[in-house]
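> Here's my sequence, what's the structure:
(2 chains)
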2 protein chains.
Amino acid sequence: MPSRVTGARVVGSRKVKDQAVLLVAGHWLMLSVAINIGFLLKIIHDGNLGMDWYAFNGNGVAVSSLASYTAEPKPGNDVQIQEKYINLDHGDPTMYQSYWKQMGDRTTIVISGWQSVSYFSDTKNLCWFLEPGFAKAVTRLHNLVGNAETANRHIVVGTGSTQLFQAVLYALCPSDAPDPMSIVSAAPFYSSYPLITECLKSGLYKWKGYTNDFDKDEPYIELVTYPNNPDGSIRDAVFNGSGGILIHDVAYYWPQYTPISSRADHDIMLFTLSKSTGHAGTRLGWALVKDEAIAKKMVKFIEISSIGVSKDSQNRAAKTLDVISDTYEDAETSNESKRFFDFGYEEMAKRWRQLREAVNKGKRFSLPNLPVGKCNFSNRTFGTQPAFAWVKCEHASVRDCESFLKQHKILTRGGEHFGSSKKYVRISLIGYEEDYNEFIRRLSLINSEESP
Amino acid sequence: MPSRVTGARVVGSRKVKDQAVLLVAGHWLMLSVAINIGFLLKIIHDGNLGMDWYAFNGNGVAVSSLASYTAEPKPGNDVQIQEKYINLDHGDPTMYQSYWKQMGDRTTIVISGWQSVSYFSDTKNLCWFLEPGFAKAVTRLHNLVGNAETANRHIVVGTGSTQLFQAVLYALCPSDAPDPMSIVSAAPFYSSYPLITECLKSGLYKWKGYTNDFDKDEPYIELVTYPNNPDGSIRDAVFNGSGGILIHDVAYYWPQYTPISSRADHDIMLFTLSKSTGHAGTRLGWALVKDEAIAKKMVKFIEISSIGVSKDSQNRAAKTLDVISDTYEDAETSNESKRFFDFGYEEMAKRWRQLREAVNKGKRFSLPNLPVGKCNFSNRTFGTQPAFAWVKCEHASVRDCESFLKQHKILTRGGEHFGSSKKYVRISLIGYEEDYNEFIRRLSLINSEESP
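Just a heads-up that it's a prediction; the model follows:
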C-alpha cells in the first residue's frame, strides 16, 4: 500500500511544463488513483475484520491471517510462517480443543428438534431460564474441585460472564440514585470492564477505574478479579471505603491455572465456561449469588436484555461439566483417558516453562513473580500459571511493547488497555499449540538479538 | 393478607386505658406482626417467581401454576383444571413443539465435544461470530419464502432479536451527541421496547413512545413492527419528520401469520427464531442490514456485550431452517410429512376460528379487523392471523380487562403495557393446544354469561 500511494503522489507532483504531457500525466494520475482505490477496497473487503477488531482489541491487523495459518499450519516452511501474524491478543481457549478431541464421543450431545421450544427452563426456580441439568452439573463440579462455596447460593446463568457482569451492575445500582454509581478496580484491570461499563453511557453507573476520586462512604462497586487478569496476581479488594460492594470475577480460579487454597466464599462470584472447560463458542457463564434480591434483579436484567440464555448451550455445558466430574469420580474411566484438569495443568506448566526459557535468554523482557501455593484439589504445590502472561519490554528504547512485538508479527494487547503502561503487554497462553510454539520461537530470536 | 394487616392495626390502635390490658394487647400485636411476617416470608418464598415476573409481564401470578398444569393435563377433570391459571401473557411458542415431534429425527443435531471451542466463526466475515452454515440457511429460507430481500445485505446474528434491537440502537445513536436520541413508536407498541430502552438509563437514547414531543428534523428512531405486535395491524412509519431512521421488526412476517405480499426491503430488519420456527429456547435472532457501517457497529455492540452468540444455537438453527427449506424443495419428502408453514398456517387458522366463535357468542369482547391479502408464497388469500389477539373488553363496567380475565384465571398482558388503554389485553395464540382449548372454553363461558 505505501509504495502505491507514494507512486500516485510522485505522478501528481511531477513538474511538467508541457500541456500535453500534463494531460497524459493527469490520465496516469487518475488511473493510478483508481488502481489505488481498487486495491484499497480489496484490502478493506478482505481484511474488514481486522479493521473492525481494531477498537475491540487495539490491533489493526486482520485476524484472518492467523486463521488461515492455524487452519493449515505447514511446519518446516518457515518463510511462509514468518509471513503470518501470530494472534495472542484474545484469550481464545483453543488449547483445549485437542483434549476434547481425544475424549471422542464422551461429550457429544444430541439435541432433538422438539427440545427447548419454550422460553422457560424451570418455572419453580428464581432463575426461570436456568436448565436444571446445568445447575446440577455446576454444583457438582464446584463441590468436586472445592473452588467455590455453593451452599445457600443462587445460580444465575448468563450469555458468558460478560452478560452476568452487566446484570450485576444493573442489580447493584439503584435506578433512582441522583448520581451514577462509581465502578472501580485496581490496575491492571481486565480491559473489557471499562468498555462494557461505558458502552451505553448509563446513568446507573460510571467507570472510574483505578482512582481515589470518589466518595468511599457512598456506595461504590469494586471489581476484584481473582486471580487477576492480566497479570495473574492474587489480590483482594484494595479500596477500603465503607460503601464498597464487591464483585468477584473468579473466571481463572481453576486448578489448571491456580492452586486451589480454599473455597471462594464471596457474595457475588462470576464464572465462565470459556476459561474453565475452554468452550468459548458456547457463550456461557454462571454467577453464584448469596443475596436473593440481587439474584432476582440479575435475572430481571437477563430477561430484559435477552429473555434468557440459550438452552442448547446450557445442555451442552451440563454434559461437558458432568464428564469432567465423571473422569474424577469414576476410577475405571479415569484410567482410559487423561482427566481434564491434569491435561490443563500439564499444558499450562509446559507453556510457562517455554515462556520463561525464552524470556531468560536475554534481557529484553521480564515476567512478574507469581505466588506459589498448595492446591487442595490436586495436592500439588505449584506457582500460579495464568492463562495470560503480563510481559514487560525492559529495554529503554522500547516504549510501546505492543507495537514492538507487532513488528515481529506477534499480536498482543498493550498495557494501556488495562489501565497500565505501554511498556507492558498481555499475551494469551491458551491458543493453538502450533501458534504458541511459533510465538516462542520468535520471542527467543528477538531476545537473543543484540539490543537495537 | 389485608385482613391480617388490618387485624394488627386494630389491635395497635385500640384505645386502652388500663396498663395491663395495654401490655396484653402489645403482646398480641407483636404476635400478630410476627405471624404476618411469617406469612409474608412464606408467600415471598413460595411465590418468588410470580413476584419476579410481575414487573416483566404485568402479572403477579406464579407461572408455576401453569407449568404444573401443562406438564400433566388431565382432560375431563374440570374441577382441577379450573383451579389452574392459563398463562397467555407471553408469546411462548410451544404450539410448534408438536410439529417438531412429528418430524422425528430430521432436525436432530449432534454436537461433538471439541466443536465451537473458539470465539470465532468466520474471521473473513464482518460478523466474525456468525456461523457460515446459519447465514446460508437464513438466506436460503428467505429466498424460498420471499419475505425479505437478502441481496447486498449483511447478516448480523444476535442472542434473540432482543439483543439485536439494542445493537441497532447502539449503532444508530452517536456517542458524542449532546442529547440522547428520541426513540418513538406508534401505540400500541411492543411492550418490551420501552423496558429495554429505559433499562440502563442510557445517555445515547431515550424512550419517547407515541408522542409528538420531539424535534422531527433532528435524528430520531422510529420502530415499525410489521405486522404489528400486539394488534396485528399492517402499518408503516407514522412520524414523517426528515430526521427519521427506521428499524423494522419483522418477527411476524412469515406465511403462517401474514400473507407475504412482497419481499420486505428495508434498511434494518430484525427476525427471530422464536416466532418463525418456534424455538424460543435457543435465543437466536438475525438482522438484515443494508449499511456496512451500521452492521459493523452492531457487531461491535455484540462483541462488547456478549463476545458473540452461541454457536450451538446457530448450528441448531441452521439445521432447523434447512429442514424447513428441504421439505419445500424436495418433493419426495414433502409428501411424507406436513410442510412447516402449512402446519403453522392451519394451526393459526384453526385457533383464530375458535377465538372468533367464542368472541361472537356474546357482546363482552371484540377483536380488531385484520387485513386480507394474497400470499405469494402459498398462493392463498387470507386474513392476517397474528400470533397475538388484541382483545377489547366491551362492557362499560369492565375498565381493566386484564384484571377481569385474571378473575377467571386467564393471564394476559394489559393494554397499558403497550401504550394503550386498560380496556385491551394481548392474548397469545401460540401456546400449548390444551391450554388454548381450555382458554377458549372459559372465554365462551364468560361471554355467554349475563352482563354483571
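> can we go C-alpha only for contacts and neighbour counts from here?
Noted.
> where are the low-confidence patches of the stretch 101-250 of chain A?
For the stretch 101-250 of chain A, no stretch is flagged by pLDDT under 70.
> again, only using 90
A:211-217, A:240-241 (pLDDT under 90).
> Would you map the strands across it?
Counting by DSSP state E, counting those that start in this stretch, the stretch 101-250 of chain A has strands at residues A:109-111, A:154-158, A:181-184, A:205-209, A:220-225, A:244-249.
> Any idea which of these gets closest to A:L169?
Nearest to A:L169, of all the strands of the stretch 101-250 of chain A, is strand A:205-209, at 7.4 Å by Cα to Cα.
> Closest to the centroid, which residue in chain A?
Nearest to the mean C-alpha position of chain A, by Cα atoms, centre = their mean, lies A:G91 at 3.8 Å.
> Quick check: chain neighbours aside, which residue is closest to that residue?
Leaving out its chain neighbours, the residue that sits closest to A:G91 by Cα to Cα, 6 or more residues apart in numbering or on different chains is A:S428, at 5.3 Å.
> Is that neighbour bridged to anything, and to what?
Per DSSP bridges, the residues bridged to A:S428 are A:F388.
> For burial, what's the neighbour tally of it?
For A:S428, the count of nearby residues is 23 (other Cα atoms under 10 Å in any protein chain shown).
> so A:I324 touches A:F343, yeah?
No. Here A:I324 lies out of contact with A:F343, judged by Cα atoms under 8 Å, at a distance of 11.3 Å.
> what separates the residue nearest to A:G91 from A:V250, distance-wise?
17 Å (Cα to Cα, to the nearest Å).
> Next: A:L172.
Distance from A:L172 to A:V250, by Cα to Cα: 19 Å.
> And for A:T320?
From A:T320 over to A:V250 (counting by Cα to Cα), the distance is 19 Å.
> How about the contacts made by the residue nearest to A:S192 when sequence neighbours are not counted?
In space, A:S192 comes closest to B:I304 once its chain neighbours are excluded; the distance is 7.4 Å by Cα to Cα, 6+ apart. Neighbouring residues of B:I304 by Cα atoms under 8 Å, 6 or more residues apart in numbering or on different chains: A:56, A:192, A:195-196, A:199.
> now B:I304, what's its secondary structure?
Classification of B:I304 using DSSP: H, G, I helix; E, B strand; the rest coil returns helix.
> how about the strands in the stretch 351-452 of chain A?
A:365-366, A:372-374, A:381-383, A:388-393, A:410-411, A:413-414, A:424-428.
> quick one: the fifth one to chain centroid distance?
It refers to strand A:410-411. 15 Å (Cα atoms, centre = their mean, to the nearest Å).
> now the contacts of B:I304 as TSV including neighbour count?
Listed next are the contacts of B:I304 as TSV, based on neighbours: other Cα atoms under 10 Å in any protein chain shown:
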residue	neighbour count
A:F56	17
A:S192	16
A:L195	15
A:I196	20
A:C199	17
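> Which single one of those is nearest to chain B?
Comparing these against chain B with Cα to the nearest Cα picks out A:I196 as the nearest, at 5.9 Å.
> these two touch, right, that closest one and B:I307?
No. If you go by Cα under 8 Å, A:I196 and B:I307 don't touch, sitting 10.8 Å apart.
> Now the strands of the stretch 351-452 of chain A in a markdown table, please, with extra columns for mean pLDDT.
Output for the strands of the stretch 351-452 of chain A, formatted as a markdown table (pLDDT from 0 to 100):
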| stretch | mean pLDDT |
| --- | --- |
| strand A:365-366 | 98 |
| strand A:372-374 | 98 |
| strand A:381-383 | 98 |
| strand A:388-393 | 98 |
| strand A:410-411 | 98 |
| strand A:413-414 | 98 |
| strand A:424-428 | 98 |
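> Please tabulate the ones you listed in TSV, including the columns distance to B:I440.
Converted to TSV, the strands of the stretch 351-452 of chain A look like this (distance: least, Cα to Cα, whole Å):
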stretch	distance to B:I440
strand A:365-366	73
strand A:372-374	65
strand A:381-383	67
strand A:388-393	60
strand A:410-411	63
strand A:413-414	60
strand A:424-428	59
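> Please name whichever of those strands is nearest to A:H142.
Once the strands of the stretch 351-452 of chain A are compared by Cα to Cα, strand A:372-374 is nearest, at 17.9 Å.
> Check which residues of that closest one are buried.
Using 16 or more other Cα atoms under 10 Å in any protein chain shown as the burial criterion, none of the residues of strand A:372-374 qualify.
> For that strand, enumerate the helices and strands it packs against.
In terms of contacts (3 or more Cα pairs under 8 Å, 6 or more residues apart in numbering or on different chains; DSSP states H and E), strand A:372-374 is packed against strand A:381-383.
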